[in-house]
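A.B. asks: Sequence and predicted structure are below.
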Amino acid sequence: MLIVIVFIITVGAFYLIHLLPGDPAVVILGTGDSPSNRQKLFKELGLNKPILEQYIVWIKNVLHGNLGTSFISQTSVWSTIKTALPIDVEIIVLSQILAFAVAIPTAMRSARKPDGWLDRILSAGSFTLLSIPSFVMIVLLVLVVAIKLGVPHTGPSSYISLSSDWIGNLESLALPSFTLAVGSYVVYYRVLRSDLIATLQEEFITMARSKGISQRRIMWRHAFRPSTVALLGTAGVNIGGLLAGGFIVQYLLSIPGLGYTLISSIGLSDYLVVQGIVLVVSVGVILINFAFDIVINIVDPRISRE
Amino acid sequence: MSSSIEVNEMVEEAGVHDRPERKKKLGLLFWICVGWITLNFLAAILANVLPLQSPIFQDYSAVNVGPSLHHLLGTDDLGRDIFSRVVYGSRVSIEVSLGAMLIGFGAGAPLGMLAAYRRGKFDAILSSVMYVFLAFPAIIATIAVLSFWTPRSLFKIIVVIGIASIPLVYRVIRSAAMTVATKDYVVAAKVQGATDRRILMKELLPNVAPIGVSFLLVGIATVVTLEGALAFLGLSVNAPTPSWGNMINESLSRLQLNPWLAVFPSLAMCLFLLCLNFIGDRLRAHFDVSEGKL
């Protein structure tokens, strides 16, 4: 299944170039169009051969880690991706730590007394946050935190790399991470809450209660693990989505991750970079989902037995 | 609680945990939201007729002014009236979301119902194809296709988002139809010799429809967000046509100067989404559809 999906993605990413109107060579080369470049590109992409052979040439290159060379920046697409990807990973890791750290305790609080006043407030709050798209959230955050409050390194174009100054790096990634964390929090809170409520009605919880086990221990030791299956599934899909969601938060602040690189490459008509990023991100998303499926099987062995 | 076995069977059949079926009231807030959405739709349709300034008229005598009686929400740095741009901007969001959902439901809903009813090979093949397309986020695919498929137009955006939404609609409708298709009344209809067409139209459709409607609302909200994100990245309709997303995009370079430019379209969009989500959520509770099915 995994292989089939990855195969379809490569076909899709390959075919993207042919969606372009006109001669792909002219479009890819852009201003770098010269007879020698043209010959090089034709050789690299096999543009004069039938489309099936073109795909075979292309996929062979891709499997050797060669995604082509951008004729606009004269650098290899793979090295561009390699410098950008760690930034995406850092933002996603930060946002997920934050989201889980808040979602798990609040969902437990809510599930303990469903429809109680705290649950109502938390549910209404999560519902409101659900309706704020990430690009609206990041704009409003920049407006308040960076412009009105003037917190350093949080405004547009103030990205600091991890190797040069880690505190500055954290500051410059704070708003995008927070934005993605809010979106994730809402989803995790809702999923975990409803699963916890269902689990708490099971007989083994009543059994544990009747044995006089404390509420805290019941929550963490008995109810939590069986309630996390849907949460993990959602997290897998969500983290994959964050690779894409990152496009938006990076774009505003000019943080040079994959998303920003992608959008600026679209602006520059640097199509080989766009193709490369689409391919890498799509395969990455699939692999993340796959990894989470494995984790779910470990957490709840009943699933693989079914 | 007279006979617990019977109750258990009912619970298992209905797929609900333990609460007896009970319709929740829709409540006042629900109707306020319905009213707000209706108002938005009316404003979008009647924008030409309403006494609004042109959304692209540039009044250089009033540039970057704050909210006032003359300009309800102020003007932008080209002297264009923000209120009228927000109203006209809702057109793009509404057009794209309705168009895309028409494609998504037009293809996804019949296929989903058919797959759930037929089962067997047809279902197995179709479902695995859809699963493949579901596996990666719609936004990557739409950004990728829209960045290559130039020049961009409203029509292309609708087509791309519409096609991307088919697998989602398919999955929701299929799982909803699946629970209906095993009900006794469907079996009874089959036994009586009803045609497949009749069972699909008279038995399945009316019972799948409530789930379909509440998912439609969530779907519209999702498409509005997606189109907003595309416009924010500069991949949606071109200027000077206003849309909520590209208004926010245009405001970015002037955030310091005139924050209203970002605030009003954001607010319009969030309220619209909040109401849609709320209506969808209430309807789901009203029809007693468990969230797991969506």
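C.D. replies: The structure has been received and is ready for your questions.
A.B. asks: And the helices in chain A?
C.D. replies: Ranges of helices in chain A, per DSSP state H, are A:2-19, A:24-29, A:35-45, A:51-63, A:77-112, A:117-130, A:134-141, A:166-199, A:203-210, A:215-217, A:229-253, A:258-268, A:271-299, A:302-305.
A.B. asks: for these, which one sits closest to B:Gln53?
C.D. replies: helix A:134-141 (24.9 Å; CB to CB). For every residue, glycine as well, the C-beta is placed using N, CA and C.
A.B. asks: between the closest one and helix A:166-199, how many degrees?
C.D. replies: Interaxial angle of helix A:134-141 relative to helix A:166-199 (axes from the mean of the first three to the mean of the last three CA atoms, to 10 degrees): 130 degrees.
A.B. asks: Helix A:134-141 vs chain B: in contact?
C.D. replies: Yes. Interface with chain B: helix A:134-141 contributes A:134-136, A:139-140 (CB under 8 Å from any CB of the partner chain).
A.B. asks: got the residues you listed as TSV, with pLDDT and neighbour count columns?
C.D. replies: Shown next, in TSV, are the residues of helix A:134-141 next to chain B (pLDDT from 0 to 100; neighbours: other CB atoms under 10 Å in any protein chain shown):
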residue	pLDDT	neighbour count
A:Ser134	86	23
A:Phe135	86	28
A:Val136	88	27
A:Val139	87	24
A:Leu140	87	19
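A.B. asks: Which positions in the stretch 1-150 of chain A make contact with chain B?
C.D. replies: Counting by CB under 8 Å from any CB, the residues of the stretch 1-150 of chain A near chain B are A:1, A:4-5, A:8-9, A:12-13, A:16-17, A:19-21, A:127-128, A:130-136, A:139-140, A:142-143, A:147.
A.B. asks: Can you select the buried ones from these in PyMOL?
C.D. replies: In PyMOL syntax, the buried subset of those is picked out as below (16 or more other CB atoms under 10 Å in any protein chain shown):
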select buried, chain A and resi 5+8+9+12+13+16+17+20+130+131+132+133+134+135+136+139+140+142+143
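A.B. asks: what sits against A:Glu171?
C.D. replies: Counting by CB atoms under 8 Å, 6 or more residues apart in numbering or on different chains, A:Glu171 makes contact with A:151-154, A:160.
A.B. asks: if we go to 10 Å?
C.D. replies: A:151-154, A:158, A:160, A:165 (CB atoms under 10 Å, 6 or more residues apart in numbering or on different chains).
A.B. asks: swap in A:Leu231?
C.D. replies: Here A:Leu231 is in contact with A:100, A:103-104, A:107, A:187-193, A:195-196, A:224, A:238, A:296, A:299 (CB under 10 Å, 6+ apart).
A.B. asks: count of neighbours near the residue nearest to B:Leu50 when sequence neighbours are not counted?
C.D. replies: The shortest distance from B:Leu50 to any non-neighbouring residue, by CB to CB, 6 or more residues apart in numbering or on different chains, is to B:Ala43 (7.0 Å). Close neighbours of B:Ala43, defined as other CB atoms under 10 Å in any protein chain shown, add up to 17.
A.B. asks: Please apply the same query to B:Asn238.
C.D. replies: 11.
A.B. asks: What's the separation between it and chain A?
C.D. replies: Distance of B:Asn238 to chain A, computed by CB to the nearest CB, to the nearest Å: 14 Å.
A.B. asks: So that residue belongs to a helix, correct?
C.D. replies: No. According to DSSP: H, G, I helix; E, B strand; the rest coil, B:Asn238 belongs to no helix; its state is coil.
A.B. asks: For the closest residue to it other than its chain neighbours, what are phi and psi?
C.D. replies: Spatial nearest neighbour of B:Asn238, chain neighbours left out: B:Arg152 (7.1 Å); criterion: CB to CB, 6+ apart. Per-residue torsions, B:Arg152: phi -80, psi 150 (degrees, to the nearest 10).
A.B. asks: now B:Thr75
C.D. replies: When read as degrees, to the nearest 10, the backbone of B:Thr75 gives phi -130, psi 160.
A.B. asks: Next up, the contacts around it.
C.D. replies: The neighbours of B:Thr75, taking CB under 10 Å, 6+ apart as the test, are B:53, B:58-68, B:81-85, B:258, B:260-261.
A.B. asks: burial measure for B:Ile56, as a count.
C.D. replies: Per other CB under 10 Å, the neighbour tally for B:Ile56 reads 15.
A.B. asks: I'd like to know how many residues surround the nearest residue to it once chain neighbours are set aside.
C.D. replies: Closest residue to B:Ile56 apart from its sequence neighbours, by CB to CB, 6+ apart: B:Pro240 at 4.6 Å. B:Pro240: 13 surrounding residues under other CB under 10 Å.
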